[in-house]
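Dropping the sequence and predicted coords here.
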Amino acid sequence: METAIFGNTGEKLSRIGLGCFSMSGAYGSADDTESIATIHRAIDLGVTLLDTSASYGQGHNHRLIGQALKGGKRDKVFIHSKTGTIRTNDGSSVAQGSGTPDRLRQICETSLKNLGIETLDAFCLSRVDPTVPIEESVGAMVRLVEDGKTRFIGLSEAAPGTLRRAMKIHALVSLQYEYSLWTRDVEGGHLDACDELGLGLMAYAPLGYGFLAGTVGGRDALEQGDTRHKFPRFSDDNAAANRERVAAIRKVADTHDATPAQICIAWVLAQGGNVFPIPGCKRRTHLEENLKALEIALTAEDLTALDAAFPPGAAAGDRYPPDGMVRVNL
Ligand SMILES: NC(=O)c1ccc[n+]([C@@H]2O[C@H](COP(=O)([O-])OP(=O)(O)OC[C@H]3O[C@@H](n4cnc5c(N)ncnc54)[C@H](OP(=O)(O)O)[C@@H]3O)[C@@H](O)[C@H]2O)c1
């Protein structure tokens with residue numbers, strides 16, 4: 001497994017991490033036995049970075065990971081765990097209160113309890129709370145470091161200016177941000193800020209929530225309760241337009257005897273040595289396929305072709321519904 005220093009940790013982690021969101025029903029039903037087998041297979045294949053959140057399955061994801069890591073596996077992985085967002089009954093994301101010191105402590109402690117561990121490797125604020133100065137949220141996270149509840153801290157979907165303000169309070173380890181062929185927002189300053197501040201960029205949803213892998217049909221094919229029903233890019237019209245672009249990924253894949261998912265991940269890997277894609281999956285077949293992306297060396301010609309098919313901003317539809325869009329890049 002290829003490794004690289006992960007942001008300001010000074011520690012080498014696998015270049016590809018495992019995103020555990022879908023193991024708790026984000027994109028249709030999941031089978032715990034296969035999910036645990038997927039985590040075990042990932043560890044066997046050298047994956048040392050796991051991404052999770054207190055909100056995934058309302059604690060289910062943490063309990064599942066805790067179960068998977070029993071019996072001596074805890075020390076084999078770096079657990080990057082997020083706070084999650086506060087949601088209303090209809091699932092809308094609520095800004096106010098999500099970054100208060102009391103909530104951050106309570107979530108960190110609940111996360112540790114559900115995972116069955118003493119200390120997180122990284123505790124990450126899922127979304128900046130516009131009603132709480134970042135200095136206050138980060139200050140609260142620093143107290144969790146001092147109390148031994150997490151080794152490192154990070155932010156997700158934060159703007160470059162916020163990263164710089166936060167770094168004046170305490171060293172962040174990484175920025176987690178959506179980054180894929182159809183979501184290239186981080187090229188507008190976040191990647192530069194990560195380079196400048198020594199942060200790792202955890203590229204989440206590198207497969208465009210599965211859409212860029214070319215295996216997701218329209219909304220009709222999604223199970224009830226699948227989060228992607230809410231995503232504008234999966235609406236019938238937008239999906240049809242976006243699917244045309246996915247054909248370009250398949251074309252590059254064919255020249256490498258690879259799959260579109262592997263090309264998507266190889267493209268993210270090619271964006272910088274401090275960029276760590278964390279493709280999500282809940283089955284071993286996908287995991288094994290995705291890790292083979294490390295064997296693909298995209299040529300200058302491939303990169304040009306992918307760039308032409310996916311110039312920044314080209315995707316049809318926003319990445320989140322309106323209540324989600326106001327929570328990003330703060
Ligand atoms: N910070 C944030 O706000 C945020 C938001 C979303 C996600 N994340 C994190 O980032 C991770 C990755 O993002 P994501 O899981 O949302 O999206 P993703 O990685 O872009 O896509 C995941 C979807 O792609 C499917 N898939 C995986 N490998 C595949 C392959 N080789 N061929 C075809 N389909 C494949 C998965 O199916 P199966 O699950 O059925 O295997 C799943 O439905 C998450 O797991 C989570 O840890 C963070």
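Yes, it's here. Computed from a prediction, not measured in an experiment: that's the story for all the values here.

List the residues that contact C20.
S35, I39, L50, D51, T52, Y56, N61, L64, I65, G280 (Cβ atoms under 8 Å, 6 or more residues apart in numbering). Heads up, the C-betas are built off the backbone N, CA and C, glycines and all.

Give me the distance between it and A30.
Distance, C20 to A30, by Cβ to Cβ, to the nearest Å: 10 Å.

same thing with T83?
22 Å.

again with E118
27 Å.

Between those two, point out the one with more neighbours.
Remark: of E118 and A30, A30 carries more neighbours, 22 against 9, as counted by other Cβ atoms under 10 Å.

correct me, but the more buried one touches S22?
Yes. Counting by Cβ atoms under 8 Å, A30 touches S22, with 6.3 Å between them.

so what sits against both of the two?
K282.

got a list of what the residue nearest to T100 when sequence neighbours are not counted touches?
Ranked by Cβ to Cβ, 6 or more residues apart in numbering and with sequence neighbours excluded, the top spatial neighbour of T100 is V132, at 5.7 Å. By Cβ under 8 Å, 6+ apart, V132 lies in contact with G97, G99, T100.

Out of the residues you listed, which end up buried?
G99, T100 (16 or more other Cβ atoms under 10 Å).

out of the contacts of V132, which one sits closest to D44?
G99 (37.1 Å; Cβ to Cβ).

Skipping its backbone neighbours, what lies nearest the closest one in space?
Nearest one to G99, counting by Cβ to Cβ, 6+ apart, is D129 at 3.0 Å.

isn't that neighbour right next to P101, touching?
No. Between D129 and P101 there is no contact under Cβ under 8 Å: 10.7 Å.

Could you give the secondary structure assignment for the residue nearest to K76 when sequence neighbours are not counted?
Spatial nearest neighbour of K76, chain neighbours left out: I43 (5.2 Å); criterion: Cβ to Cβ, 6+ apart. Classification of I43 using DSSP: H, G, I helix; E, B strand; the rest coil returns helix.

At the contact with the ligand, which residues of the protein appear?
For the chain, the contact set with the ligand under Cβ under 6 Å from any ligand atom comprises 19-22, 27, 51, 82, 126, 156-157, 176, 204-210, 213, 215, 261, 278-283, 286, 289-290.

For M167, give me the pLDDT.
For M167, the model assigns a pLDDT of 98.

show me the contacts for the nearest residue to E178 once chain neighbours are set aside.
In space, and not counting its chain neighbours, E178 is closest to A205: 5.0 Å by Cβ to Cβ, 6+ apart. A205 sits next to G19, E178, Y179, S180, T183, G280 when contact means Cβ under 8 Å, 6+ apart.
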